[in-house]
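Asker: this is the structure alone, sequence omitted:
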């Protein structure tokens, strides 16, 4: 009888271990999927940037430094490896694009150009998708990291070689700043 009880307890412990292991596998796969979703949106963003630069190149010829800075930031972002590096480099690209758009507003022919407006809108939509994908990824990565760190699952994670997932964080302090909006009407 005690042998049956011992075997039953061992079977339950075995099932519990398999369940915890499978849960970690599921969470790790969701983290991978979350990163893939970000990667898809970042590729779209990276593909749009050269189109935008080529569209405005003639009109902004004497702003070559700004255009080259955007292209260089885009190339660094494309070469990023992993979420932390991508977060830092994408922040640099966002800053370069911000400077670019601020300068572009000084050119009425650009603000009136349908292609430029369309590319700006596509970039803005892509930025929103990146934001949503980043939120999903960070949520699931945090859930996975928690599962690999809490007792007793951390023992299974350690033995099975589960590593913590990097978060996709904003490295550029300018992105953290709250924008200032002034809706007051000024009369001269």
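Answerer: Done, it's in. All figures in this text were calculated on a predicted structure; none of them were measured in a lab. Numbers count the residues shown, from 1 in each chain.
Asker: now the nearest residue to residue 122 once chain neighbours are set aside: how far from residue 86?
Answerer: Excluding its sequence neighbours, the residue lying closest to residue 122 (CB to CB, 6 or more residues apart in numbering) is residue 48, at 5.7 Å. C-betas here are computed from N, CA, C, even on glycine. Residue 48 sits 17 Å away from residue 86, going by CB to CB, to the nearest Å.
Asker: of those two, who's got more company?
Answerer: residue 86 (23 against 18; other CB atoms under 10 Å).
Asker: just the element for residue 155, please.
Answerer: For residue 155, the host element (DSSP states H and E) is helix 153-160.
Asker: how much space separates the most centrally placed residue in the chain from residue 90?
Answerer: Using CA atoms, centre = their mean, the residue of the chain that lies closest to the mean C-alpha position is residue 134, 4.3 Å off. Between residue 134 and residue 90 the computed distance is 9 Å (CB to CB).
Asker: point out where the chain drops to low pLDDT.
Answerer: By pLDDT under 70, the weakly predicted segments of the chain are 62, 170-188.
Asker: let's see that with 80 instead.
Answerer: For the chain, the stretches flagged by pLDDT under 80 are 58-62, 110-111, 170-188.
Asker: now do the helices in it.
Answerer: For the chain, helices defined by DSSP state H occupy the ranges 2-56, 64-78, 82-104, 108-111, 114-149, 153-160, 173-176.
Asker: buried deepest among the ones you listed, which one?
Answerer: Most buried of those by mean neighbour count (mean count of other CB atoms under 10 Å) is helix 82-104; its value is a mean of 19.
Asker: packing partners of that helix?
Answerer: helix 2-56, helix 64-78, helix 114-149, helix 173-176 (3 or more CB pairs under 8 Å, 6 or more residues apart in numbering; DSSP states H and E).
Asker: need the contact partners of the second one.
Answerer: Outside helix 64-78, the residues within contact range by CB atoms under 8 Å, 6 or more residues apart in numbering are 42, 46, 49-50, 53, 56-57, 60, 86, 89-90, 92-93, 95-97, 99-100, 103.
Asker: and if we set it to 10 Å?
Answerer: 42-43, 45-50, 52-54, 56-57, 60-61, 63, 85-86, 88-104 (CB atoms under 10 Å, 6 or more residues apart in numbering).
Asker: please work out the angle formed by the directions of that helix and helix 2-56.
Answerer: 160 degrees (axes from the mean of the first three to the mean of the last three CA atoms, to 10 degrees).
Asker: still on that earlier bit, what number of residues lie near the residue nearest to the residue nearest to the centre of the chain when sequence neighbours are not counted?
Answerer: Closest residue in space to residue 134, ignoring its immediate chain neighbours: residue 168 at 4.9 Å, by CB to CB, 6+ apart. Residues lying near residue 168 (other CB under 10 Å) number 24.
Asker: how about residue 168, phi and psi?
Answerer: Per-residue torsions, residue 168: phi -90, psi 100 (degrees, to the nearest 10).
Asker: quick check: the closest residue to residue 100 other than its chain neighbours vs residue 101, distance?
Answerer: Leaving aside its sequence neighbours, residue 100 sits nearest to residue 70 (CB to CB, 6+ apart; 5.0 Å). According to CB to CB, residue 70 and residue 101 sit 10 Å apart.
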